[in-house]
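>>> sequence and predicted structure, then a few things I'm wondering about:
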Amino acid sequence: MDMITETSHTERYARCVQISKRVRWEIEQDVIRGRQFDSAHKFLPDGLSLADAFTTLSADEKRFVSQIQGRTYANIFGLVERFINAKVLELSEEHWFGDQVALEALVRFSDEELKHQALFRRIDMMVGDVLPDGYRFDIDPNAVAHAVLGKSTWAVLALTLDIELFTQLHYRQSIEPDTQLSQLFKDVFLFHWKEESQHAILDELEWIRHDAGLTAEKRAQAVEEFIELVAAVDGILQAQAKADAGYFAANCGRAIDETEARAIEAAFLRAYRWQYIHSGAQHPHFVKVLSSLITDAQGQRIHAALATLQ
């Protein structure tokens, strides 16, 4: 890395530190503010819940779907931020006796990810207070973190940038005018986005820094591992779509036949794949950064793998 590039990277780390200090927020006093969720409101906007994909459901049933998805949203983010934080702490070691500005940026990143996990645990409990009993999220965040961290740093950083870029799209969806959308959940999107925007910059910086030390052979292996990680995420989404569709059928207040049940499960899965895979993988900045690091053939390999998840 030449001196000019190194200086510009240090400046970007410094800006992340400055913004982290400026946008700092606390869960109870800034996000929750003594409020509770109300089952009269949607929790996720239609552009994320893909309400139109649930073609057999009434407006009230689609609202219930958005609430189920809102609880799963909290659980999925609590899960992914477990391995993201572990990777950030691991990467920080490479700056211990080097760029102290980069070290501070990653330490702040870690602190904020711990706070986000606490926020989403709080949201899960609060949503549970207003929805019927029986919801299940049986995926162990620690087991997932161990599995993810068994892959190469390049692959984990690729997945992490994907995740933290799609939070920006999720925030933009949440600010669309919709009087039926929970104001509390809109604030969850807002405050999460404020810090994740800086995390995405740090992910990119660390990914590029790490990539610079790889051989072509190691990078090719890492591309395959990234594809494996996306497939593993999809496995989690398939399991949760099945669980959430079953929970909906048990609590929607009417009989659901087998054909409709399959359609509802497919709609949940379509929504989850959009929320947690495609909205990040299709993000223009993710495509730009990824394309700058890989060959055209590797890009086609990734595109083909993503195309199977429709």
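Ah, there it is.

>>> surely H9 touches L205?
Yes - using C-beta atoms under 8 Å, H9 makes contact with L205 at a distance of 5.8 Å. To be clear about C-beta, it is placed using only N, CA and C from the backbone, and glycine gets the same treatment.

>>> joint contacts of the two?
With contacts taken as C-beta atoms under 8 Å, 6 or more residues apart in numbering, the residues that reach both H9 and L205 are A102.

>>> so how far is F83 from the nearest residue to R82 once chain neighbours are set aside?
In space, not counting the residues next to it along the chain, R82 is nearest to P141; the distance is 4.2 Å by C-beta to C-beta, 6 or more residues apart in numbering. Noted for P141: a distance of 8 Å to F83, by C-beta to C-beta, to the nearest Å.

>>> leaving out the residues flanking it, which one is nearest to A158?
Computed as C-beta to C-beta, 6+ apart, the closest residue to A158 that is not its neighbour in sequence is F226, at 4.6 Å.

>>> who are the neighbours in contact with the one you found?
Each residue near F226 by C-beta under 8 Å, 6+ apart is listed here: 151, 154-155, 158-159, 302.

>>> okay, and which of these map to helices?
The subset of the contacts of F226 located in helices under the criterion DSSP state H comprises 154-155, 158-159, 302.

>>> about what we covered before: next up, the contacts around the residue nearest to R82.
With contacts taken as C-beta under 8 Å, 6+ apart, P141 has the following neighbours: 78-79, 82-83.

>>> filter those residues down to the buried ones and hand me the ChimeraX line.
A single ChimeraX command suffices to select whichever of those are buried according to 16 or more other C-beta atoms under 10 Å:
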select :78,79,82,83
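
>>> with secondary structure added, can I get the contacts of P141 in CSV?
Formatted as CSV, the entries for those read as follows, by DSSP: H, G, I helix; E, B strand; the rest coil:
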residue, secondary structure
G78, helix
L79, helix
R82, helix
F83, helix
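
>>> does Q180 touch P45 like I think?
No - taking contact to mean C-beta under 8 Å, the distance of 9.5 Å between Q180 and P45 leaves them out of contact.

>>> number of nearby residues for V101?
With neighbours defined by other C-beta atoms under 10 Å, the count for V101 comes to 18.

>>> separation between it and A222?
From V101 over to A222 the distance is 27 Å, taken as C-beta to C-beta.

>>> for E206, same thing?
14 Å.

>>> and if you look at L190?
L190 sits 34 Å away from A222, going by C-beta to C-beta.

>>> out of the two, which sits in the busier spot?
Between L190 and A222, counted using other C-beta under 10 Å, A222 has the larger neighbour count: 24 against 15.

>>> can you name the helix or strand that that one falls in?
With elements delineated by DSSP states H and E, A222 resides in helix 216-251, which encompasses its position.

>>> quick one: mean pLDDT for that helix?
On average, the pLDDT along helix 216-251 is 97.

>>> off-centre distance for that helix?
Shown here is helix 216-251, whose average C-alpha point lies 12 Å from the average C-alpha point of the whole chain (C-alpha atoms, centre = their mean, to the nearest Å).

>>> and Y135, that's in a helix?
No - with three-state DSSP as the criterion, Y135 is coil rather than part of a helix.

>>> report how many residues lie close to the residue nearest to it when sequence neighbours are not counted.
Ranked by C-beta to C-beta, 6+ apart and with sequence neighbours excluded, the top spatial neighbour of Y135 is Y247, at 5.4 Å. Burial of Y247, expressed as a neighbour count using other C-beta under 10 Å, amounts to 21.

>>> quick check, Y247 in contact with G134.
Yes - here Y247 lies in contact with G134, judged by C-beta under 8 Å, at a distance of 5.8 Å.

>>> whichever helix or strand R71 is part of: which residues count as buried?
R71 is part of helix 59-92 when elements are defined by DSSP H and E. Neighbour-count burial for helix 59-92, counted by 16+ other C-beta under 10 Å, picks out 61-88, 91-92.

>>> and E224, what does it touch?
By C-beta under 8 Å, 6+ apart, E224 has no neighbours at all.

>>> how far away is A231 from H303?
In this view, A231 and H303 are 14 Å apart by C-beta to C-beta.

>>> that's all I had, so thanks and see you.
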